[in-house]
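Colleague: Just the structure for this:
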Amino acid sequence: MSDFFVNLGRKPVARKIIQTLGLPVPVPQYLARPDGPWTQGFLEGKHVVSGHLPGAVLAPTLAPILSGTGAVLTVMGTEEQRGHYGNIAVMDGNQPPEGLRPHALVFDATGLTGAADLRLVYDFFHSLIKKVGTCGRVIIVSRPPDEYTKPEAVAAARALEGFTRSVGRETGRKGTTAQTIYVASDADNRLESVLRFLLSKHAAYIS
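Modeller: From the prediction side, this is the model:
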């Protein structure tokens, strides 16, 4: 693709005009990429919303990772799960705070028990997905399907990948990536490097 169209795609007014006219001209979303070395607080000032299933168990692992990015955190979950994040904003049910424009959505889906939990996953993203800005991040964390013992839980864990693919197709035009991370029960301490990479600009474009 020529540089002309790439540069044109960076201009919101030009993109809107071309899309409104319905012209058959590809206008790619400009992907945010890093312009320097790795930094510890690479999400400084950006909003990240973290959600959890009632039976999720990764809050003690996710809290320090997300806090370490420098992001402004909003957390939904049980009181015990929220307690791991310290003094942060708490989302009231599935209703996002007024004016919230998150850069990333991170959902802890460990502790799946069946199809009913998938509805909770859907409800979390349904209320927030349209508010994610360009080049945002959507990440679901779960145990691998073969670690669940009940057939309905195994099926639900496998369904997460299909759900993530659907989210990716819906948000990809904005340069947003969507991922499912399966974390084995003995590998919680290996999550940080993967999660930080997928939340960063270095991950553009992987989906």
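
Colleague: Model confidence score at residue 89, please.
Modeller: Model confidence at residue 89, expressed as pLDDT, equals 78.

Colleague: typed the wrong thing, it's residue 7
Modeller: pLDDT for residue 7: 66.

Colleague: Beyond the lowest-mean-pLDDT helix or strand in the chain, next helix or strand please.
Modeller: When each helix and strand of the chain is scored by mean pLDDT, DSSP states H and E, helix 3-8 comes last, with a mean of 64. The helix or strand immediately downstream of helix 3-8 is helix 12-21, counting by DSSP states H and E.

Colleague: for the record, mean pLDDT for that following helix?
Modeller: For helix 12-21, the mean pLDDT works out to 73.

Colleague: Repeat that for stretch 55-63.
Modeller: 95.

Colleague: roughly how far is that stretch from the heart of the chain?
Modeller: Mean-position distance between stretch 55-63 and its chain equals 15 Å (Cα atoms, centre = their mean, to the nearest Å).

Colleague: One more: stretch 193-204?
Modeller: 11 Å.

Colleague: Does the residue nearest to residue 156 when sequence neighbours are not counted belong to a helix, a strand or coil?
Modeller: Nearest residue to residue 156 in three dimensions, chain neighbours excluded: residue 112, at 4.6 Å (Cβ to Cβ, 6 or more residues apart in numbering). In short, each C-beta sits where N, CA and C put it, glycine included. Residue 112 falls in the coil class when you classify it by DSSP: H, G, I helix; E, B strand; the rest coil.

Colleague: I'd say residue 112 and residue 155 touch.
Modeller: No: using Cβ atoms under 8 Å, residue 112 is not in contact with residue 155, being 9.3 Å away.

Colleague: would you list every one of the strands in the protein?
Modeller: If DSSP state E is used as the criterion, the strands of the chain fall at 47-52, 72-75, 89-90, 104-108, 137-142, 177-182.

Colleague: what sits against the residue nearest to residue 156?
Modeller: 53, 55, 118, 142-143, 148, 153, 156-157 (Cβ atoms under 8 Å, 6 or more residues apart in numbering).

Colleague: didn't residue 174 look like it was pressed against residue 134?
Modeller: Yes: taking contacts as Cβ under 8 Å, residue 174 lies within contact range of residue 134: 4.9 Å.

Colleague: Contacts for stretch 132-140, please.
Modeller: Residues contacting stretch 132-140 (Cβ under 8 Å, 6+ apart): 29, 31-32, 101-107, 109, 121, 125, 129, 160, 163-164, 167-168, 171, 174-181, 195, 198-199, 201, 203-204.

Colleague: which of those residues are buried?
Modeller: 29, 102-107, 109, 121, 125, 129, 160, 163-164, 167-168, 171, 175-181, 195, 198-199, 203-204 (16 or more other Cβ atoms under 10 Å).

Colleague: and residue 47, what are its bridge partners?
Modeller: Per DSSP bridges, the residues bridged to residue 47 are residue 72.

Colleague: For it, grab the count of nearby residues.
Modeller: Close neighbours of residue 47, defined as other Cβ atoms under 10 Å, add up to 21.

Colleague: can you check residue 126 too?
Modeller: Around residue 126 there are 11 residues (other Cβ under 10 Å).

Colleague: show me where this structure has helices.
Modeller: Along the chain, the segments classed as helices by DSSP state H run 3-8, 12-21, 59-68, 79-83, 115-126, 151-171, 191-199.
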